[in-house]
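Visitor: Predicted model follows, preceded by the sequence.
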Amino acid sequence: MAWLLVDHALLFSSLIFAFLRMTQSTDPDILSDFVIPANATTIDENFFTYTGLRTAFTAEFPPDFKALKANMVEFPGLVGQSISYLVVQLPIGSVNPPHIHPRSSELLFVISGYIEAGFVDTSNKLYTQTLQPGDIFVVPKGLLHYQYNANASFNATALTAFGSANGGKVTLPVALFETGIDDLILAKSFKTDIATVQKIKAGLAPKE
């Protein structure tokens, strides 16, 4: 939408700087300028261009949380470059559930709206901050974190930078309740009963 096009020069300048600061990554180093896919027939400027994030700036805002990825899966030109993007769209009251990126730290740059961002360190201390447009929040590699739009008036959009071509994502609700872990194990782990675990699973099931 048009309102998202304001001050893009500042936005992308800031994100380029963010990438330059994220040079220490866990991706393997390469001994060439870039990696050519085995099935590639022609390498030109299109190989280094990805347009899949345009909808974040042109389409209607989604009714639920949405993440638009630009990692090596969607954009093969990123292979070996230790960088990737993610556009986070948070409608009013929505949440990007607690998750981790096992292979990368994260820089969250707020474009519009207000976002509560938080992470938990290995001593189980919670760090939270309410961010507004222009703010940046860093999440150290591999730590549990989330984003939440608690504002009652504005949708929120953020652009996330990763120091990996594919930082990976493990979303806790999915990993715990949708991967086949036995109900009894989950009930004992959360000090509850099997009926409660089954109720949570039912709530996470896709709605028809």
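Guide: On my side now, so go ahead.
Visitor: any idea how far Asp29 is from the most centrally placed residue in the chain?
Guide: In the chain, the C-alpha nearest the mean C-alpha coordinate belongs to Leu86, at 5.2 Å (CA atoms, centre = their mean). As defined by CB to CB, to the nearest Å, Leu86 lies at a distance of 23 Å from Asp29. Placement of C-beta: from N, CA and C, glycine included.
Visitor: same check, this time on Ala67
Guide: Distance, Ala67 to Asp29, by CB to CB: 28 Å.
Visitor: any weak-confidence spans in the protein?
Guide: 1-26, 207-208 (pLDDT under 70).
Visitor: Tell me which stretches of the chain form strands.
Guide: Under the criterion DSSP state E, the chain contains strands at 66-70, 84-90, 95-100, 106-112, 115-120, 126-131, 136-139, 144-148, 156-162, 170-171.
Visitor: TSV please, covering those strands and showing distance to Thr49.
Guide: TSV is the format used below for the strands of the chain (distance: least, CB to CB, whole Å):
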stretch	distance to Thr49
strand 66-70	11
strand 84-90	13
strand 95-100	27
strand 106-112	21
strand 115-120	28
strand 126-131	30
strand 136-139	25
strand 144-148	28
strand 156-162	17
strand 170-171	29
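Visitor: Relative to Gly77, which of those strands is closest?
Guide: Closest of the strands of the chain to Gly77 is strand 66-70, at 9.9 Å (criterion: CB to CB).
Visitor: Starting from that closest one, tell me which strands it pairs with and how they run.
Guide: Strand pairing for strand 66-70, determined by DSSP bridges: strand 84-90 (antiparallel).
Visitor: what's the angle between the partner strand and strand 95-100?
Guide: Inter-element angle recorded for strand 84-90 and strand 95-100: 140 degrees (by axes from the mean of the first three to the mean of the last three CA atoms, to 10 degrees).
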